[in-house]
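the amino acid sequence is not available; the structure is as follows:
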């Protein structure tokens with residue numbers, strides 16, 4: 001059985017994902033290098049591309065939390081309602097290192 005990890009240090013993002021039809025196994029603010037993820041596990045968040053490539057190479061699926069931010073929204077904490085305004089959505093990405 002696959003685990004679903006939601007990685008975010010933002011409370012608004014945590015509140016938003018809890019309103020989605022996704023059963024999250026674990027909420028954490030940081031993806032630790034020593035965490036053992038298994039093939040088929042799912043990570044949801046906004047991670048750097050090199051980490052996504054490493055996850056995908058080990059058989060872990062990555063789903064990105066996409067936001068359409070205005071310049072005024074950048075660089076600050078967003079509430080759940082502001083995330084809805086920013087058209088928050090989830091998009092799976094597969095990244096390979098070339």
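On my side now, so go ahead. Quantities reported herein were computed from a predicted structural model and do not represent experimental measurements. Numbers count the residues shown, from 1 in each chain.

distance of the closest residue to residue 96 other than its chain neighbours from residue 86?
Nearest residue to residue 96 in three dimensions, chain neighbours excluded: residue 53, at 6.3 Å (C-beta to C-beta, 6 or more residues apart in numbering). (Each C-beta comes from the backbone N, C-alpha and C, glycine too.) Computed as C-beta to C-beta, to the nearest Å, the residue 53 to residue 86 distance reads 26 Å.

for residue 51, same thing?
Counting by C-beta to C-beta, the gap from residue 51 to residue 86 is 23 Å.

do the same with residue 47
Taking C-beta to C-beta, one finds residue 47 at 18 Å from residue 86.

go on, residue 3?
27 Å.

likewise residue 80?
Between residue 80 and residue 86 the computed distance is 11 Å (C-beta to C-beta).

which stretches of this protein form strands?
Remark: strands assigned in the chain by DSSP state E are 4-7, 26-28, 42-45, 61-66, 89-93.

nearest residue to residue 37 other than its sequence neighbours?
Closest residue to residue 37 apart from its sequence neighbours, by C-beta to C-beta, 6+ apart: residue 60 at 4.9 Å.

torsion angles phi and psi at the one you found?
phi -90, psi 130 (degrees, to the nearest 10).

just give me the neighbour total for it.
Residue 60 has 19 neighbours, counted by other C-beta atoms under 10 Å.

so it sits against residue 41, correct?
Yes. Under the criterion of C-beta atoms under 8 Å, residue 60 makes contact with residue 41 at 5.0 Å.
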